[in-house]
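Engineer: Take this sequence and fold it.
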Amino acid sequence: MQYRSEIDGLRAVAVIPVILFHGGLQVFSGGFVGVDVFFVISGYLITTIIIDDINADRFTIASFYSRRFRRILPALFFVVLVTIPFAWFLMLPSQFKDFAQSITAVSIFSSNGLFWIESGYFEAAAEKKPLLHTWSLAVEEQYYITFPVFMLLLWKSHTRPAVIALAVAFVFSLGLTEYAWRHFPDANFYLLPTRAWELLAGSGCAIFLSRYGLQSNNTLSLSGLGLVLVGIFAFDGSTPFPSLYTLAPVVGAALIILYAGEGTLVARVLSVRGIVLVGLISYSAYLWHQPIFAFARVYGGIHPPIEIMMGLAFLSVFLAYFSWRFVERPFRVSRQPPRVVIPVSLSISAVFAALGIVLAYTDFQKSSFFALQSPSNQRLLSEISRVSAMDPYAEPFADVCRFTVDGPFSAFQDRYDTCEREHGKPIVVFGDSHSADVFNALSATLDRPFIVGVGQGDCRPHIEGHTCSGSDLTRFFESEGRDLELALYVQAGLWLFLDETGAPGARSPFLQSKDPKVSLHTAGIDRVFHFLSQMSRITPNLVWLGPRIEPYITQEEMLSYQCDDLEDRPELSIVHRAAFENLDRYLRREALKREIEYLSDIEVVAFDPKADLYNCDDLFWSDSDHWSDKGEQRFGMRLKPHVEKLIDK
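Structural biologist: As a prediction, the model looks like this:
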């Protein structure tokens, strides 16, 4: 295929925002769309190569995979190899085990599945995963398992049906994305079925250009660049993604590929030598940036200052040039035949997969890390390891009539009816993952035999456009809500704040600074009250248990202090505590106006960071904002008398 320097320039436009976004530069709030631009470029380039080779009768599956292996694996495994010693010395044993498992997943191009499984509850720890970014490589390689076979079988002999089939797949995948972001957001982000349309958009560009050739159109190519830039600077963490919004960067990249022909302003800008060089090293830059940022965050305990992160961003580009020059490029231009490249590549992949298994399921790193701790902190580390090994969705205090409804209520109806006949009306705790903590806390401490937790599923009332109508949660209350002894609503306060960019639900202000700059998300709060007002018409005994103070103190930070010295403990700043206390006061006033009963968690739990975070033998928080099993018992005892008072009203 003919080389197009502007495509390398487009790679630079994709990779730089990704790096700066992950580095925490807020102006690039939508920098994550660079990955979507990469998907389009990949689909275009690979499909163009396949079409050219098929038309020239030189395409073979072996040659295709030999080229892919030479392109992807050397730099990938080099970066993975370099990360291992840093992970060994810097990461907690539980973190290192996750890292080792990701080595195995990366080696077999399934890391997107692993990170999907680990997503959601573990979201706060995502930025400390050195290989998290490899999910996009896994998506690409999964796409290229079947796509070249499809093209080989159909392109020459059944071109029209092949194009129609690809168009149908594009529409289906895009439609699935629009459905999945509302109902399965984590799967929607990580998995191929909801990402395939982006790669197919690039494949469509290749098919179009193979028929009609490259066009030169300033208006369309500039519009394409504008759409990409809109995504980079206008999108943020609150933008549903991927979704129809993703059409902006995808269509933008496609317009540049199709219409940035010779002489166009976009082609001239993207072909500037420095921009092209960044594009040439973009794959290596993408590989390096996440491990560097992740280890900086692991080492620092909280997010390092933005100046440090920008310095590390430049370091990733420097290392990218090194690995491109001495690792990536030599292997890419290698003349070794497929009969050599394929078995060697598969063998090396198998070695890395096995290495990941060995590192994950032996205690070598744990013993090494343990030996570096003081005797008292060794006890704390053992407790951290115990809590980290627990299933975060476990119900340690549940029994026959203390259970969680985590799907369609019909599956639990018989059990519910039996418990209701035996014990009368239940106490119901519903909401987000913080409600699971409260369910466990009340199950551990409250002398009531019938307690039910109801997960919110896809009912997220604080998010604009989310309707809870027809959700499993709403159906439960429509069925049973009139006969409840008490219904407690619990929601993380995190989602009711806005950061400096106006984005809701960002942990970064609390992790990056002891003095977080946040404001109240009054529109989101109003939506929650509207939802609760609707629910209270069904369930008169409804109470909002207000947000807890979320400490956002990491386990690494705990280990940086001596646990046997009560005065030598991490503390919350006045600004941090005041943010949650201000939220609590606002919710209390609004609840009074809207006639929703409100119980202040901040008042009744009376969280004291020095005593209620941990001691040498007890860890009361499983992560930066969720209670551990011991925390559920500890804080449950403080909630107990207040909940009993609500019941006895």
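Engineer: Would you confirm that A294 contacts H133?
Structural biologist: No. Counting by CB atoms under 8 Å, A294 stays clear of H133, with 9.3 Å between them. Bear in mind the C-beta positions are built from the backbone N, C-alpha and C, glycine included.
Engineer: Neighbour count for those two, which is higher?
Structural biologist: A side-by-side neighbour count of A294 and H133, using other CB atoms under 10 Å, places A294 first with 27 against 21.
Engineer: Could you give the secondary structure assignment for the closest residue in space to that one that isn't next to it in sequence?
Structural biologist: In this structure, A294 finds its nearest non-sequential neighbour in P130, 4.3 Å apart by CB to CB, 6 or more residues apart in numbering. Under DSSP: H, G, I helix; E, B strand; the rest coil, the three-state class of P130 is coil.
Engineer: Do me a favour and get the end-to-end distance for stretch 620-634?
Structural biologist: End-to-end distance of stretch 620-634 (CA to CA, to the nearest Å): 8 Å.
Engineer: And for the one helix or strand in the chain whose mean pLDDT sits lowest, what's in contact with it?
Structural biologist: None of the helices or strands of the chain scores lower by mean pLDDT, DSSP states H and E than helix 508-512, at a mean of 76. Helix 508-512 is contacted by residues 24, 124, 302-303, 494, 497, 499-500, 516-518, 550, 552, 554, 576, 624 when judged by CB atoms under 8 Å, 6 or more residues apart in numbering.
Engineer: mind showing which ranges of the stretch 451-600 of the chain have poor pLDDT?
Structural biologist: Within the stretch 451-600 of the chain, the ranges that satisfy pLDDT under 70 run 457-458, 465-467, 469-470, 512.
Engineer: Can you show me the strands along it?
Structural biologist: Remark: strands assigned in the stretch 451-600 of the chain by DSSP state E, counting those that start in this stretch are 451-455, 486-490, 497-498, 519-520, 542-545, 597-599.
Engineer: what would these look like in TSV with distance to D608?
Structural biologist: Below are the strands of the stretch 451-600 of the chain laid out as TSV (distance: least, CB to CB, whole Å):
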stretch	distance to D608
strand 451-455	27
strand 486-490	21
strand 497-498	22
strand 519-520	25
strand 542-545	19
strand 597-599	19
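Engineer: Just the residues contacting the helix or strand V269 falls within, thanks.
Structural biologist: Assessed by DSSP states H and E, V269 sits inside helix 265-270. For helix 265-270, contacts defined as CB under 8 Å, 6+ apart pick out 5-10, 12-13, 216, 218, 221-222, 224-225, 256, 260-261, 275-276.
Engineer: Just the ones in helices from these, please.
Structural biologist: 5-10, 12-13, 218, 221-222, 224-225, 256, 275-276 (DSSP state H).
Engineer: Just the buried residues of the residues you listed.
Structural biologist: 5-10, 12-13, 221-222, 224-225, 256, 275-276 (16 or more other CB atoms under 10 Å).
Engineer: before we move on, back to that, so what's the gap between the least confident helix or strand of the chain and the chain middle?
Structural biologist: Computed by CA atoms, centre = their mean, to the nearest Å, the chain-centroid distance of helix 508-512 equals 16 Å.
Engineer: pull the CA atoms of it into CSV?
Structural biologist: Taking C-alpha atoms only, helix 508-512 is exported to CSV below (Å, rounded to 0.1, in the frame of the first residue of the first chain):
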residue,chain,number,x,y,z
SER,A,508,-9.2,12.3,41.3
PRO,A,509,-9.8,15.5,43.3
PHE,A,510,-9.8,13.5,46.5
LEU,A,511,-6.8,11.3,45.4
GLN,A,512,-4.7,14.0,43.9
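Engineer: okay, now S519: neighbour count?
Structural biologist: Counted with other CB under 10 Å, the neighbours of S519 add up to 12.
Engineer: what do you get for G263?
Structural biologist: Using other CB under 10 Å: G263 sits among 9 other residues.
Engineer: Now it, what are its backbone angles?
Structural biologist: When read as degrees, to the nearest 10, the backbone of G263 gives phi 90, psi -20.
Engineer: Identify the spatial nearest neighbour of it, chain neighbours not counted.
Structural biologist: G263 sits nearest to S216 (CB to CB, 6+ apart), 5.4 Å away.
Engineer: which residue ranges form the strands in the stretch 201-350 of the chain?
Structural biologist: Ranges of strands in the stretch 201-350 of the chain, per DSSP E, counting those that start in this stretch: none exist.
Engineer: any weak-confidence spans in it?
Structural biologist: Counting by pLDDT under 70, the stretch 201-350 of the chain has low-confidence residues at 301-303.
Engineer: Endpoints of stretch 605-613, how far apart?
Structural biologist: 13 Å.
Engineer: Show residues contacting that stretch.
Structural biologist: Applying CB under 8 Å, 6+ apart, the external contacts of stretch 605-613 come out as 548-549, 551, 553, 558, 566-567, 569-572, 620-621, 631, 634-635, 638-639.
Engineer: now do stretch 161-169
Structural biologist: Stretch 161-169 has contacts (CB under 8 Å, 6+ apart) with F150, M151, L154, W155, A196, W197, L200, S203, G204, I207.
Engineer: again, but for stretch 524-543
Structural biologist: For stretch 524-543, the surrounding residues in contact (CB under 8 Å, 6+ apart) are 459, 461-464, 468, 477-478, 481-482, 484-489, 491, 495-496, 504, 544, 586-587, 590-591, 594-599, 646.
Engineer: buried subset of those residues?
Structural biologist: Here, 16+ other CB under 10 Å leaves 459, 461-463, 468, 477, 481, 484-489, 491, 495-496, 504, 544, 587, 590-591, 596-599, 646 buried among the contacts of stretch 524-543.
Engineer: hmm, back to that, just the buried residues from the contacts of stretch 161-169, in ChimeraX please.
Structural biologist: Per 16+ other CB under 10 Å, the buried members of the contacts of stretch 161-169 correspond to this ChimeraX selection:
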select :151,154,155,196,197,200,203,204,207
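Engineer: so which of the contacts of stretch 161-169 comes closest to I50?
Structural biologist: Within those, the smallest distance to I50 is 5.0 Å, found for M151 (CB to CB).
Engineer: Can you read off the pLDDT for that closest one?
Structural biologist: Listed pLDDT for M151 reads 91.
Engineer: ok so, going back, from memory the residue nearest to A294 sits against A296, does it?
Structural biologist: No. Between P130 and A296 there is no contact under CB under 8 Å: 10.6 Å.
Engineer: and these two? which has more neighbours close in?
Structural biologist: P130 (27 against 20).
Engineer: what are the phi and psi values for that one?
Structural biologist: The phi/psi pair for P130 (degrees, to the nearest 10) reads phi -60, psi -30.
Engineer: list the contacts for it?
Structural biologist: Contacts for P130 (CB under 8 Å, 6+ apart) come out as T83, F86, A87, F99, S102, Q290, P291, A294, F295.
Engineer: Including distance to S435, could those residues go into CSV?
Structural biologist: Converted to CSV, the contacts of P130 look like this (distance: CB to CB, whole Å):
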residue, distance to S435
T83, 37
F86, 37
A87, 34
F99, 30
S102, 30
Q290, 32
P291, 35
A294, 30
F295, 34
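Engineer: Would you show me how to pick out the buried ones of these in PyMOL?
Structural biologist: A single PyMOL command suffices to select whichever of those are buried according to 16+ other CB under 10 Å:
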select buried, resi 83+86+87+99+102+290+291+294+295
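Engineer: Among the contacts of P130, which one sits closest to G31?
Structural biologist: Closest to G31, out of all of the contacts of P130 and judged by CB to CB, is Q290, at 12.9 Å.
Engineer: any idea how far G237 is from the closest one?
Structural biologist: 17 Å (CB to CB, to the nearest Å).
Engineer: Could you check how far the residue lying closest to S323 once chain neighbours are set aside is from R182?
Structural biologist: Distances taken as CB to CB, 6+ apart put S284 closest to S323, at 4.5 Å, once the chain neighbours are dropped. Per CB to CB, S284 is found 36 Å from R182.
Engineer: do V333 as well
Structural biologist: 46 Å.
Engineer: Settle it for me: which of those two has more neighbours?
Structural biologist: Ranked by neighbour count (other CB under 10 Å), V333 and R182 place R182 first, with 16 against 8.
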